[in-house]
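> sharing a model that was predicted from the sequence below.
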Amino acid sequence: MGEVEKMKKEAEGLKTQIEAARKAVHDTDMAAAAAGLASAPRVQLKTRRTLKGHLAKIYAMHWSTDNRLMVSASQDGKLIIWDSHSGNKINAVPLKSSWVMTCAYAPSGNLVASGGLDNMCTVYNLKTPVVKIVKELDAHTGYLSCARFLSYAEILTASGDTTCALWDIETGKQKTVFLNHIGDCMCLALSSDMNTFVSGACDSLAKLWDVRDGQCKQIFQGHTSDINAISVTSQNTSDSCSTEKRQKRASHAVSSFKSASSLMLIFTNITIMANINFFPIGNAFITGSDDCTCKMYDIRSDQEVIGYQDAQLNSGVTSLALSMSGRLIFAGYDDFNCNIWDSLKGEKIGVLSGHDNRVSCTGVPADGMCVCTGSWDSFLKIWN
Amino acid sequence: MARDMSDAEIMKMELDQLQKEVKNTREPVSNSAKEICEWVETQSAEDPLIKGVPEDKNPFKDKGGCIIT
């Protein structure tokens, strides 16, 4: 038997053992455990603000930790910093590349970052008289699908080159590379203590990583298609950004494409995945996928504990956000709606309708006072 | 990057990972689920999107027009 064949056999054996171990602890599931709880009330949220200003599809948004400012990224080649209370635009940052897929606000509020098909993560200082580029983090060999600051000094990125990376912003170098996915990494979410993060990828797997030692601790499967969104509910803001849908083969094509016009075609035809969100208590995370379902995975029992799906829903999930307690999941779909799920009972309890195109990103600020949805219709809406 | 790795290298990476993970301890779902439910229940009481936001405390309340008395 060849080397690879031998390894395959051993791997199959180990997978069987792991599945057996998971089954052995599967003495209930979340819906059963939550059976005794009162149903979450029917949630009817109103649009309080419609933020107009972008001239093309919005791909991502992220709340500042001050619960008031937020950044959004659009195919019109701009980042806009909004004051959500007044609805005013504070900054409009022109991007060198309009093929942006993600944006992030640093916890301190001084920096924002963006990235996309330029394969780079660009960090900007908002506090200089004119917004300036602090650093261009350039080492990924594939598109940047997601970025999240740990602090003003460090940022985590997920890339179409199948790796995630932890960067030192000052030196512009990668401190740690997280290498284990075999498909494009589409989303990531940090735990509130910032010691671990989860990533979702085109290989339909979610992986839990130790930020400091670079090791993959656990791998979760269950989705039957690309994981688009991943959410760790925590004391941090939970959010998601959406990108274009794609086949694994297409993803290879995008990373190696050179001509701008070809990039444009792909950019408008592919659905990217949203991010992955940790649950507030930190022991679980939520994922959303192209397979039209969301799932909650429990870290300690190492498995899926509940799924959120509806026979009538046949559009992919683009984005996810969790309410402050984690009880409500706001999931954006390709069908222009954002559905609200009871995270414990698995029931759909509301819907946010109002966008005229795909909901590409959602986010709840840390104080939980509202939910923001961003769409390909170029608008952001604030609901509560 | 995974794309530059040979099949053998990818297989080795998967195998190494599985060998690590098979050693992980796994807790019963009932324990975890119970803890999550309890935590969420206590937090729900203060969750603005569940209990609602009173008009006067809502920073996003609809900006009113002028009232002429």
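Received, thanks.

> now the helices for the chain?
You didn't pick a chain, so chain A it is. Ranges of helices within chain A are A:3-25, A:30-33, A:248-256, A:260-269, based on DSSP state H.

> switch to chain B, that's the one I care about
Going by DSSP H, chain B shows helices at B:7-21, B:29-44, B:48-51.

> need these in a markdown table (columns: distance to chain A and mean pLDDT).
Any C-beta I mention is one placed from the backbone N, CA and C, and that applies to glycine too. Formatted as a markdown table, those follow (distance: least, CB to the nearest CB, whole Å; pLDDT from 0 to 100):
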| stretch | distance to chain A | mean pLDDT |
| --- | --- | --- |
| helix B:7-21 | 4 | 92 |
| helix B:29-44 | 3 | 93 |
| helix B:48-51 | 5 | 94 |
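
> as a markdown table, those helices with distance to residue A:185 would be great.
Shown next, in a markdown table, are the helices of chain B (distance: least, CB to CB, whole Å):
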| stretch | distance to residue A:185 |
| --- | --- |
| helix B:7-21 | 15 |
| helix B:29-44 | 26 |
| helix B:48-51 | 30 |
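
> quick one: the ones you listed as JSON lines, columns for mean neighbour count too.
Shown next, in JSON lines, are the helices of chain B (neighbours: other CB atoms under 10 Å in any protein chain shown):
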{"stretch": "helix B:7-21", "mean neighbour count": "15"}
{"stretch": "helix B:29-44", "mean neighbour count": "19"}
{"stretch": "helix B:48-51", "mean neighbour count": "18"}
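
> closest to residue A:87 out of those?
helix B:48-51 (19.3 Å; CB to CB).

> from residue A:217, how far off is residue A:299?
Residue A:299 sits 9 Å away from residue A:217, going by CB to CB, to the nearest Å.

> make that residue A:325, sorry
26 Å.

> these two: which is more packed in?
residue A:325 (25 against 17; other CB atoms under 10 Å in any protein chain shown).

> ok, that one - contacts?
Residue A:325 makes contacts with A:280, A:368, B:40, B:43, B:44, B:46, B:47, B:50, as judged by CB atoms under 8 Å, 6 or more residues apart in numbering or on different chains.

> I'd guessed the first one sits against residue A:328; true?
Meaning residue A:280. No - in this structure residue A:280 lies outside contact range of residue A:328 using CB atoms under 8 Å: 11.4 Å.

> what do these two both touch?
In contact with both residue A:280 and residue A:328: residue A:322, using CB under 8 Å, 6+ apart.

> state the mean pLDDT of stretch B:60-69.
On average, the pLDDT along stretch B:60-69 is 66.

> likewise stretch A:365-375?
On average, stretch A:365-375 scores 96.

> for chain B, what are the nearby residues on the stretch 251-384 of chain A?
A:252, A:255, A:279-281, A:283-284, A:298-303, A:305, A:323-328, A:343-344, A:364, A:367-371, A:382, A:384 (CB under 8 Å from any CB of the partner chain).

> are any of those buried, and which?
Neighbour-count burial (16 or more other CB atoms under 10 Å in any protein chain shown) is assigned, among those, to A:252, A:255, A:279-281, A:283-284, A:298-303, A:305, A:323-328, A:343-344, A:364, A:368-371, A:382, A:384.

> just the ones of those residues in strands?
The strands, defined by DSSP state E, take in A:284, A:298, A:303, A:305, A:328, A:364, A:371, A:382 from these.

> quick check: bridge partners of the second one?
What it means is residue A:298. Beta-bridge pairing for residue A:298 (DSSP bridges): residue A:284, residue A:303.

> residue B:29 is in contact with that one, correct?
Yes - judged on CB under 8 Å, residue A:298 makes contact with residue B:29 at a distance of 6.4 Å.

> shared neighbours of these two, anything?
With CB under 8 Å, 6+ apart, residue A:298 and residue B:29 have common neighbours A:30, A:305.

> shared neighbours of residue A:299 and residue A:217, which are they?
Residues within reach of residue A:299 and of residue A:217 at once, by CB under 8 Å, 6+ apart, are residue A:208.

> need the pLDDT of the residue in the stretch 251-384 of chain A positioned nearest to chain B.
Using CB to the nearest CB, the closest approach of the stretch 251-384 of chain A to chain B is made by residue A:325 at 3.5 Å. Looking at residue A:325, its pLDDT stands at 93.

> that one and residue A:304, how far apart?
For residue A:325, the distance to residue A:304 - CB to CB - is 21 Å.
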